[in-house]
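**Student:** Based on what follows, work out the 3D shape:
(one chain, ligands or ions: 1)
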Amino acid sequence: MKTILAIHTGGTISMSQNDKGEVVPNDENPIAEEQVILKGQINLITDEMFNLPSPHVTPEVMLKIKQRIMRAIDEEHVDGVVITHGTDTLEETAYFLDLTLPNTIPVVVTGAMRSSNEIGSDGLHNFRNAILVAATDESYGKGVLVVMNDEIHTARFVTKTHTTNVATFRTPTFGPIGIVTQSKAKYFQELIKTEVADIDHVVDGVYLIKAYAGMNGDLFNAINHSGTKGLVIEGLGAGNVPPQTLPAIQHLIDNNIPIVLVSRCYNGVAQDIYDYEGGGIQLKKMGLILCQGLNGQKARIKLLVGLSDNKAGADLASFVSNAIS
Ligand SMILES: NC(=O)C[C@H](N)C(=O)O
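**Tutor:** Below you'll find the model as predicted:
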């Protein structure tokens, strides 16, 4: 029998609807373990570590979860870990863990779109599936996984795409890597390349700014201060910005702030294709780091982890730039 540690951190999976129809946190994580079908087949131990709506989750909280999992691996010798988490920032915590944990045992993050007492609540189903995936031998060596709505996604590429639909978690461009059936986790894709940065602290001052038509330098100027450690820009299309932003972006570069460029598009990767003012070719020449395959919030987590690992210059650029190969 495998031993799986479930770490509860809060989110809708731990919430319920009140008489007025509002979804509210409970005093404690209310997941009814006795209802989880796999009880009896798996030795499930639980840790009610946090009870936070996921918009309250910070990189410091993510680091604490990482440290808790390290203890489970090194001292408790568990066979797998499941983390329940609010879905709003689930992809960020999952990717933080993917970048900072050794790839030794399955670590699976899950949540719910409907709270525990709502009709059609998906919490227990997702929790059961996540336990099943964490206890499956084929789940070893795949990095941190996200299990929602009968699908298995990599933490690196999955993103929340719908405000309320239970099929909200999608992996644009690359697709999920497996499915969960009644009794099995089945994989049809391999994870490519894993990287680990064993950090013991997290830096502050890493920002994310989205480009838009007619944008000027105001937002970039606003973060041009001593507390800024890094910036991710969600550029337009293949990775371009309006020309009026360029002087302010250049000031940040002159102040040695690493700037990462991704695309605000849902699919595809940022590339240096266009050679006009503000185009990707110019941005690359200015020193922006083009990051392939990650969305803005994931690229921010990667930049934050790289900086927290004391990476700088070419080392930081190579850590952040390529998530694909
Ligand atoms: N479905 C959810 O979990 C959303 C909730 N607002 C959270 O992230 O905590």
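**Student:** For the ligand, what's its nearest residue on the protein.
**Tutor:** Closest contact between the chain and the ligand, by C-beta to the nearest ligand atom, is at Gly86 (2.3 Å). Where C-beta positions appear, they are placed from N, C-alpha and C, glycine not excepted.
**Student:** Packing partners of the host helix or strand of Leu124?
**Tutor:** Using DSSP states H and E, Leu124 sits within helix 123-134. Counting by 3 or more C-beta pairs under 8 Å, 6 or more residues apart in numbering; DSSP states H and E, the packing neighbours recorded for helix 123-134 are strand 3-8, strand 80-84, strand 107-110, strand 145-148, strand 178-180.
**Student:** What mean pLDDT does the second one get?
**Tutor:** Rounded to a whole number, the mean pLDDT of strand 80-84 is 98.
**Student:** Give me the angle between the helix or strand following it and strand 80-84.
**Tutor:** Tracing the chain past strand 80-84, the next element assigned as helix or strand by DSSP H and E is helix 90-100. Interaxial angle of helix 90-100 relative to strand 80-84 (axes from the mean of the first three to the mean of the last three C-alpha atoms, to 10 degrees): 150 degrees.
**Student:** Let me see the residues that make contact with helix 90-100.
**Tutor:** Helix 90-100 is contacted by residues 9, 11, 54, 57, 59, 61-63, 65-66, 69, 83, 85, 107, 109, 111, 143-144, 146, 154-156, 158-160, 169, 194-199, 297-298, 300-302, 305 when judged by C-beta atoms under 8 Å, 6 or more residues apart in numbering.
**Student:** and the residues you listed, which are buried?
**Tutor:** Buried residues within the contacts of helix 90-100, counting neighbours by 16 or more other C-beta atoms under 10 Å: 9, 11, 54, 57, 59, 61-63, 65-66, 69, 83, 85, 107, 109, 111, 143-144, 146, 154-156, 158-160, 169, 194-195, 197, 199, 297-298, 300-302, 305.
**Student:** Mind checking which of the residues you listed land in helices?
**Tutor:** Assigned to helices by DSSP state H, the following of the buried ones among the contacts of helix 90-100 qualify: 59, 61-63, 65-66, 69, 297-298, 300-302, 305.
**Student:** Thank you, goodbye.
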